[in-house]
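Trainee: quick one, structure for this:
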Amino acid sequence: MADTYSDSRSDREKDVREIQAKGIDAVALHIGPSEWQRQRIADAYDIAKTIGTNFKYFISFDFKEMGCNLNDIVSRTRTFSDHPNQFKINGAAFLSSYAGDCLGNGGWASLKAQTNA
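Mentor: You can find the predicted model right below:
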């Protein structure tokens with residue numbers, strides 16, 4: 001989300017339409033620790049829903065930039081896991097991470113159990 005701080009809503013709507021026109025079905029929303037990034041994630045999901053597109057998103061957590069707080073990750077995941085524009089595989093919300101080894105196997109298993117991701 002680092003490149004969207006100053007983007008307007010119309011800029012982001014245009015981005016979605018251009019990405020979809022290239023045949024791309026889903027993209028990652030990279031997120032770090034900044035509070036403004038949470039709002040941009042929410043905006044992205046809302047834009048996809050509002051413009052009536054089937055475009056999908058999934059969150060990619062940057063654990064090099066943010067802490068490995070499992071409760072925070074569960075909360076962020078739950079916020080969008082049932083959104084109609086959430087990318088899913090076999091009914092489960094898809095997530096990715098950078099440097100996600102900080103959660104360890106137990107952390108990832110707990111995240112999955114708590115979120116169906």
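Trainee: now do the residue lying farthest from the centre of the chain against residue 112, distance only.
Mentor: The centre of the chain is farthest from one residue, residue 106, which by C-alpha atoms, centre = their mean lies 21.7 Å away. Applying C-beta to C-beta, to the nearest Å, the value for residue 106 to residue 112 is 11 Å. Yep, even glycine has a C-beta here, placed from its N, CA and C like the rest.
Trainee: and what of residue 26?
Mentor: Note on residue 26: its distance to residue 112, by C-beta to C-beta, is 20 Å.
Trainee: mind checking which of the two has more residues around it?
Mentor: residue 26 (17 against 14; other C-beta atoms under 10 Å).
Trainee: can you list the buried residues in stretch 64-73?
Mentor: 66, 68, 70, 73 (16 or more other C-beta atoms under 10 Å).
Trainee: got a list of what the last one touches?
Mentor: Meaning residue 73. Contact partners of residue 73, counting by C-beta atoms under 8 Å, 6 or more residues apart in numbering, are 61, 103, 111.
Trainee: I'd like the distance between it and residue 49.
Mentor: 23 Å.
Trainee: what does the first one give?
Mentor: To residue 49, residue 66 is 26 Å away according to C-beta to C-beta.
Trainee: contacts only, for the most centrally placed residue in the chain.
Mentor: The centroid of the chain falls nearest to residue 59 when counting by C-alpha atoms, centre = their mean (2.2 Å). Counting by C-beta under 8 Å, 6+ apart, residue 59 touches 28, 29, 31, 41, 76, 77, 80, 95, 96.
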